[in-house]
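Trainee: Need a 3D model of the sequence below.
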Amino acid sequence: MRPDVVAARAAGAGKCAKVARGRTKAKTARSEQEGLLCGLFVDLLMDRSQDGLLSFCAHAGITLPKDGNAWLPAFLAHYQRGKDVEFGHALNDFTTWAPIAGRVRELQAEQRRHG
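Mentor: Next comes the predicted model:
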């Protein structure tokens with residue numbers, strides 16, 4: 001496994017776990033959205049092919065630093081505008097990313113065939 005992927009997995013999982021533990025009953029929209037972005041990051045990073053996160057970031061225009069420990073902050077920063085998290089932007093990037101968009105088209109075609 002690539003060393004940068006190993007480092008990113010360790011750093012991302014640790015940071016995202018801290019975000020999840022730090023939540024209180026009074027969740028803010030920002031903290032909840034940041035938690036969702038952390039989840040997306042970890043899911044992409046854990047892709048067996050090791051290309052999920054790299055492919056997604058290339059699609060979304062996210063430049064990942066050489067140091068895998070800095071990948072999560074770069075990922076989160078891409079969707080941050082001032083104090084706001086632009087989760088809609090991340091959702092658009094996700095739904096237009098080729099693996100997801102392709103699967104949506106497959107499901108729509110299947111639904112048309114089977115009514």
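Trainee: So, low pLDDT: which residues of this protein?
Mentor: Scanning the chain for pLDDT under 70 picks out the ranges 1, 3-5, 7, 9-15, 17-27, 50.
Trainee: Now do the helices in this structure.
Mentor: 3-21, 29-45, 52-60, 71-78, 87-96, 98-114 (DSSP state H).
Trainee: Tabulate those (a markdown table), appending mean neighbour count.
Mentor: For the C-beta atoms, the positions are set from N, CA and C on the backbone; glycine is no exception. Formatted as a markdown table, the helices of the chain follow (neighbours: other Cβ atoms under 10 Å):
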| stretch | mean neighbour count |
| --- | --- |
| helix 3-21 | 16 |
| helix 29-45 | 17 |
| helix 52-60 | 18 |
| helix 71-78 | 19 |
| helix 87-96 | 14 |
| helix 98-114 | 10 |
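Trainee: what does stretch 49-58 contact?
Mentor: Outside stretch 49-58, the residues that touch it by Cβ atoms under 8 Å, 6 or more residues apart in numbering are 1-2, 5, 8, 41, 43-47, 62-64, 71, 75, 93-94, 97-99.
Trainee: Alright, calling it a day.
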